[in-house]
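K.L.:
test case, fold it:
(5 chains)
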Amino acid sequence: MDLATLLGFVGTIAVLLGAMVAGGGITPFIDVPSFIVVVGGTITVVLSQVTLAQFLGAFKVAMGAFFNKTTEPEILIEEAVELANIVRKEGILALEEKEISHPFLQKGINMCIDGQEPAVVQRSLANDINFTIEHKSISIVVFDASTEVAPAMGMIGTLIGLVLMLGNMDDPKTIGPSMAVALLTTLYGAVIANAISAPISKKLTLRMNEEKLSKKLILESIEGIQEGTHPKVLEQLLINYLPESKRDAMMVEEE
Amino acid sequence: MDLATLLGFVGTIAVLLGAMVAGGGITPFIDVPSFIVVVGGTITVVLSQVTLAQFLGAFKVAMGAFFNKTTEPEILIEEAVELANIVRKEGILALEEKEISHPFLQKGINMCIDGQEPAVVQRSLANDINFTIEHKSISIVVFDASTEVAPAMGMIGTLIGLVLMLGNMDDPKTIGPSMAVALLTTLYGAVIANAISAPISKKLTLRMNEEKLSKKLILESIEGIQEGTHPKVLEQLLINYLPESKRDAMMVEEE
Amino acid sequence: MDLATLLGFVGTIAVLLGAMVAGGGITPFIDVPSFIVVVGGTITVVLSQVTLAQFLGAFKVAMGAFFNKTTEPEILIEEAVELANIVRKEGILALEEKEISHPFLQKGINMCIDGQEPAVVQRSLANDINFTIEHKSISIVVFDASTEVAPAMGMIGTLIGLVLMLGNMDDPKTIGPSMAVALLTTLYGAVIANAISAPISKKLTLRMNEEKLSKKLILESIEGIQEGTHPKVLEQLLINYLPESKRDAMMVEEE
Amino acid sequence: MDLATLLGFVGTIAVLLGAMVAGGGITPFIDVPSFIVVVGGTITVVLSQVTLAQFLGAFKVAMGAFFNKTTEPEILIEEAVELANIVRKEGILALEEKEISHPFLQKGINMCIDGQEPAVVQRSLANDINFTIEHKSISIVVFDASTEVAPAMGMIGTLIGLVLMLGNMDDPKTIGPSMAVALLTTLYGAVIANAISAPISKKLTLRMNEEKLSKKLILESIEGIQEGTHPKVLEQLLINYLPESKRDAMMVEEE
Amino acid sequence: MDLATLLGFVGTIAVLLGAMVAGGGITPFIDVPSFIVVVGGTITVVLSQVTLAQFLGAFKVAMGAFFNKTTEPEILIEEAVELANIVRKEGILALEEKEISHPFLQKGINMCIDGQEPAVVQRSLANDINFTIEHKSISIVVFDASTEVAPAMGMIGTLIGLVLMLGNMDDPKTIGPSMAVALLTTLYGAVIANAISAPISKKLTLRMNEEKLSKKLILESIEGIQEGTHPKVLEQLLINYLPESKRDAMMVEEE
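P.N.:
Residues are numbered from 1 along each chain as shown, chains lettered A, B, ... in the order given. The predicted structure follows:
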């Protein structure tokens, strides 16, 4: 798990609990029925928009995004240049024995070894990139939905509480506490949306963009390898995939 | 109907009713005039934006999305590969007798058998995909409109209630209950928008994307079959339409 | 006028008036200065964004969208197939005498008869489609602007009322009624935006899309006719412009 | 200045002043510190997003959009057809002496006279269109920013006022007036955003679109003139740039 | 640092402090726990969405955008025309000795000197532009996230304060001050979002667009230089990258 993500989630919990404790303890913030309305309602509304497989898949994709490491693009560039060197000297079939780190690069190289046409290889890999993104983006849809639904359920819960309170105001002493309880669902909804669902959805989006960039890098590598581009030229093309600050470092290291 | 969708709608109702009952019964939440303002007003405003055919069609499309099953892409891939095999061995006309499961695949194969040019077939099928989506998306427009209009009618209802209440505050005892009733329209609007219209609209969008993906898969199948692509190569191209997790399973099964 | 649109506008008025009457009569909801602030302010702010011609044009376009009928695509397809048949048998000049129902189809056929190159015809018609949309979309801009401005003027009116009320609270009895009046501008703004401007803007958008679809259908017809596409093939291409449910009906009818 | 724009701004001021005067005079709406918070704060926040040149440039562009007249497309079409006629009869060099009304048309004609290749002329003019738009759109960014910032500064001002008032509620008589003052910043922010910045930004957008359309018309004219398109055909192409209602008028006038 | 940006940030602080001091001093606006909830919570939630490298990188990119100067496009055009002149007279290798001001221009010229094909040079530079933007835009994501999160944490803090206050209203005297403190988090959130994060994000966007424009200018320069475009023609193409007002100045200066 990324250090920042772990720090972030733990820190947010600490900040919120701290604010409650400093103000007078956690007890006034716990109300089981309010919790059921917001958490339960958010889950049921999101469920009604998707299939069970999509709902459960969203959590699996999220776990993957938090715990799997992505291959650094520098490693991919080095490997691609090395493969291009081998192909230049010994031909494409020399890669048959070669162990390759990234499954998507392996897939492309296998297609080249099988002797498939460059256009077919490019199209197949491009399809892979697009459709993989399309399938994974359903988990972003799930978390975005809960980012929208949670505050709405919070508001619905507060309205239910207000209607009950306003219809029964005989004892003015109960107004304050009733209102406090009514506001709890709004609070829960805001916390779930802003501290949980939205960050997960944004994290997934960033990870998906990284994965897409890596796969586009590999796509361009395969194209270069299959067309017999000079490894130095290929490296110059691929190095653009790195952030500016890392490009020079890689160039220097090379020399 | 998808299990999740059914669970979702039933669960949402259970959560909301539970919250009301736990707080003091359903009676305070029932007010027929408020209900007419929100539900009636939402229907009339949405009606004013569309034609009667579009309005009624929206419900038909929604029903279809909830109750019709989509063909699994795995089945389509297997069928396409089988057809490609037949064409390779016996020519395109051998498909004339063949029973085909998906009407869009059937349509494309028929055009091939009729001897139409690949460019014409591709264009016709691509038009079919685009315009079918365009017509169906009007039902999404209808549900999106009601997602926007319902809370607005809820707010309008509450404002009407507040204006009446504020103009007539002689008896302070009636303020609470009047306000409770005024808030009911806001509550109704929030529930309709967030628990009914928005989930239907999002469900429709997801289903439409699935249908589009299936049709694009078929489009690429037809292209391959007509161009005489090797069935193995075709399969490799099509397998990218599956989510990553199912690709290996299909490959293994094949062997 | 579409039945749904008429029903919609009349129904919305009925629902709102009903809610007011049921609650205590229409009198508390009428306040001429509030009306001037919201309606007048919305008009002046929208005016400041456009030219007088654009402002008045918006109402003309809206009227057109509500009262003019669009030609059904089925009619256009039948006519196009008929024209293609004539051209196939007697050549393009045989269309000179032919009466054609849709002015855009007439325009395209005229260009073909004048012997202009297919590329020029396509470009000219495509320009017509795009620029007609662009000019008409200014009326959507006008109604969207008033959908945004009306609630803002409502809020500004309420703030003016609140500032006056809060600065002068000597007699607590006047607070309620003053506040009721202050809220009226918010109510007017919400009704204008949600029950009038937004539905008109959305209706215009849907009509514009229908018109665009019809013109694209005609564009493709002209292309087929000029290139001498077989009428049967042309029909198969054009039939995709219909919603799925109407395609089979048309095919059956043909046979 | 467009009549509508002038009427709009003057009318909005009249409506707002009228509402204040009718309610009890302008005095309660004037508070210098509140004015400084909202106007000053909006200016400083917008300044922090741009350079001084961009900030001042925005006002210059806005002035230009309000006071400069655009050339009517009808005039441009007539001029282009005339030029095409001259070129057809006497060659492109005959345009050297010709006075041309629109600077962008002049620029394109000059490039043609200099004997530059059509592809270069097209690319240069297309670049001109795109980059001119890109530079001018920064002034839209400035006014959009102030549309967002003004209500935010209004809210911040109101919060500051509320915090001060709530911390010091010993004399209940001061609560009303303090709150009235606190609300003034929200009122100022809403007026600045909705009656000033947003209309200017939208006016600029519409003017920029008109300018873009005129330049695209000229681009297509130059292309036609350089390729020696027949003036009648050129006119038919260009006439599509007009709104539908003006096309027939122009055609009739021609004959 | 841009003068406007500096003026803007200093001015905003002055305006806000002035409003507080004028209203009664800064003390009522300082509450350490509220500050920790909003600032701490915003940082932890943003952290949970990104990696530590992305989080820290965002500040580095922001610093760069505020303190680094961009090369004026006029300078780039002059340099490109000069290089084109040299290449025209002495060939591309004559540039080997030439000192070049902008690293991206240097990179492109180096590729030309190395004798790489125009298509490869163009592709490599275009990749550089796109991926550099993509990497830098992550810092915009970070500041946009905090623009969204800060007001949300402010609202959460206020809800926590309200729940505590409402649950404990025995002494009416404490209600005002408690509420004042509860509102402070909303105030902090609004200030952070509107006066700090949003302006930084927008400044970054504008700077990124400027950088992109400069690099596209260089891309077109390199293309012209490599294809041996006449320097006068190249200048005419490049001058379109300038704002309209500066084009004439440059043309005049040339002569």
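
K.L.:
select the longest helix from chain A.
P.N.:
Assignment by DSSP state H gives helix A:118-166 as the longest helix of chain A.

K.L.:
what pLDDT is listed against the residue in chain A that chain D sits nearest to?
P.N.:
Closest contact between chain A and chain D, by C-beta to the nearest C-beta, is at residue A:176 (16.4 Å). Placement of C-beta: from N, CA and C, glycine included. pLDDT recorded at residue A:176 is 86.

K.L.:
thought residue E:170 was touching it, still the case?
P.N.:
No. Checked against C-beta atoms under 8 Å, the pair residue A:176 and residue E:170 is beyond contact range at 9.2 Å.

K.L.:
between those two, who's got more neighbours?
P.N.:
A side-by-side neighbour count of residue A:176 and residue E:170, using other C-beta atoms under 10 Å in any protein chain shown, places residue A:176 first with 17 against 8.

K.L.:
what about the helix or strand hosting the more buried one and chain E, touching?
P.N.:
Using DSSP states H and E, residue A:176 maps to helix A:172-191. Yes. Legend: contact between helix A:172-191 and chain E by C-beta under 8 Å from any C-beta of the partner chain is shown at A:176-177, A:179-180, A:183-184, A:186-187, A:190-191.

K.L.:
can you list contacts of that helix?
P.N.:
A:16, A:28-29, A:31, A:34-35, A:37-39, A:42, A:150-158, A:160-162, A:164-165, A:169, E:152, E:155-156, E:159-160, E:162-164, E:166-169 (C-beta atoms under 8 Å, 6 or more residues apart in numbering or on different chains).

K.L.:
try 6 Å
P.N.:
A:31, A:34, A:37-38, A:150-151, A:153-154, A:157-158, A:161-162, A:165, E:155-156, E:159, E:162-163, E:166-167, E:169 (C-beta atoms under 6 Å, 6 or more residues apart in numbering or on different chains).

K.L.:
report the buried residues of stretch A:68-88.
P.N.:
A:71, A:73-74, A:76-81, A:83-84, A:86-87 (16 or more other C-beta atoms under 10 Å in any protein chain shown).

K.L.:
how many other residues sit next to the closest residue to residue A:96 other than its chain neighbours?
P.N.:
In space, residue A:96 comes closest to residue A:113 once its chain neighbours are excluded; the distance is 5.6 Å by C-beta to C-beta, 6 or more residues apart in numbering or on different chains. Neighbours of residue A:113 under the rule other C-beta under 10 Å: 14.

K.L.:
any idea how far residue A:113 is from residue A:239?
P.N.:
Distance, residue A:113 to residue A:239, by C-beta to C-beta, to the nearest Å: 26 Å.

K.L.:
then residue A:223?
P.N.:
Taking C-beta to C-beta, one finds residue A:223 at 16 Å from residue A:239.

K.L.:
more neighbours, those two?
P.N.:
Higher neighbour count among residue A:223 and residue A:239: residue A:239, with 22 against 17, using other C-beta under 10 Å.

K.L.:
can you check the pLDDT for the residue nearest to that one when sequence neighbours are not counted?
P.N.:
Once flanking residues are discounted, residue A:239 sits nearest to residue A:247: 5.3 Å by C-beta to C-beta, 6+ apart. Note for residue A:247: predicted pLDDT of 86.

K.L.:
now swap in residue A:232 and tell me
P.N.:
91.

K.L.:
starting at the chain centroid, how far to whichever strand or helix holds it?
P.N.:
Element membership of residue A:232, judged by DSSP H and E, is helix A:231-238. From the chain centre to the centre of helix A:231-238 is a distance of 30 Å (C-alpha atoms, centre = their mean, to the nearest Å).

K.L.:
just give me the neighbour total for residue A:208.
P.N.:
18.

K.L.:
check which helices and strands the strand or helix carrying it sits against.
P.N.:
Element membership for residue A:208 (DSSP H and E) is helix A:198-227. Packing partners of helix A:198-227 (3 or more C-beta pairs under 6 Å, 6 or more residues apart in numbering or on different chains; DSSP states H and E): helix A:52-67, helix A:73-90, helix A:103-113, helix A:118-166.

K.L.:
buried deepest among those, which one?
P.N.:
helix A:118-166 (a mean of 21; mean count of other C-beta atoms under 10 Å in any protein chain shown).

K.L.:
is that helix positioned near chain B?
P.N.:
Yes. With C-beta under 6 Å from any C-beta of the partner chain as the measure, helix A:118-166 is seen reaching chain B through A:124, A:127-128, A:131-132, A:135, A:152, A:155-156, A:159-160, A:162-164, A:166.

K.L.:
between the helices and strands packed on helix A:198-227, which one is closest to residue C:4.
P.N.:
helix A:118-166 (28.6 Å; C-beta to C-beta).

K.L.:
for the spatially closest residue to residue A:202 that is not a sequence neighbour, give me its contacts.
P.N.:
Leaving aside its sequence neighbours, residue A:202 sits nearest to residue E:49 (C-beta to C-beta, 6+ apart; 4.3 Å). Applying C-beta under 6 Å, 6+ apart, one finds that residue E:49 lies in contact with A:199, A:202-203, E:145.

K.L.:
hang on, the earlier thing: the longest helix of chain A near chain E at all?
P.N.:
No. Using C-beta under 6 Å from any C-beta, helix A:118-166 stays clear of chain E, with a minimum separation of 9.3 Å.

K.L.:
who are the packing partners of that helix?
P.N.:
Short answer (3+ C-beta pairs under 6 Å, 6+ apart): helix A:118-166 packs on helix A:41-47, helix A:52-67, helix A:172-191, helix A:198-227, helix B:3-24, helix B:175-191.

K.L.:
most tightly packed of those helices?
P.N.:
The most buried one of these (mean count of other C-beta under 10 Å) is helix A:41-47, showing a mean of 26.

K.L.:
mean confidence score for it?
P.N.:
97.

K.L.:
residue A:2 against residue E:51, yeah?
P.N.:
Yes. Between residue A:2 and residue E:51 there is a contact under C-beta atoms under 6 Å: 4.8 Å.

K.L.:
show me which of those two is the more surrounded one.
P.N.:
Taking other C-beta under 10 Å, residue A:2 and residue E:51 do not tie; residue A:2 has more neighbours (21 against 18).

K.L.:
residues touching that one, list them.
P.N.:
Contacts of residue A:2 (C-beta under 6 Å, 6+ apart): residue E:51.

K.L.:
separation between it and residue E:32?
P.N.:
Using C-beta to C-beta, one gets 30 Å for the distance from residue A:2 to residue E:32.

K.L.:
same check on residue A:92?
P.N.:
Using C-beta to C-beta, residue A:92 is found at 66 Å from residue E:32.

K.L.:
give me the more crowded residue out of those two.
P.N.:
Shown here are residue A:92 and residue E:32; by other C-beta under 10 Å, residue A:92 has more neighbours (17 against 8).

K.L.:
find the nearest non-adjacent residue to residue A:143, please.
P.N.:
Distances taken as C-beta to C-beta, 6+ apart put residue A:201 closest to residue A:143, at 3.8 Å, once the chain neighbours are dropped.

K.L.:
oh, that last question was meant for residue A:57, not what I typed.
P.N.:
Residue A:57 sits nearest to residue A:139 (C-beta to C-beta, 6+ apart), 6.2 Å away.

K.L.:
ok, the one you found touching residue A:61?
P.N.:
Yes. Using C-beta under 6 Å, residue A:139 is in contact with residue A:61, at 3.9 Å.

K.L.:
for the nearest residue to residue A:244 once chain neighbours are set aside, report the pLDDT, please.
P.N.:
Computed as C-beta to C-beta, 6+ apart, the closest residue to residue A:244 that is not its neighbour in sequence is residue E:132, at 5.6 Å. Looking at residue E:132, its pLDDT is 92.

K.L.:
ok, residue A:99 next?
P.N.:
Value for residue A:99, per-residue pLDDT: 88.

K.L.:
what count of nearby residues applies to it?
P.N.:
Neighbours of residue A:99 (other C-beta under 10 Å): 5.
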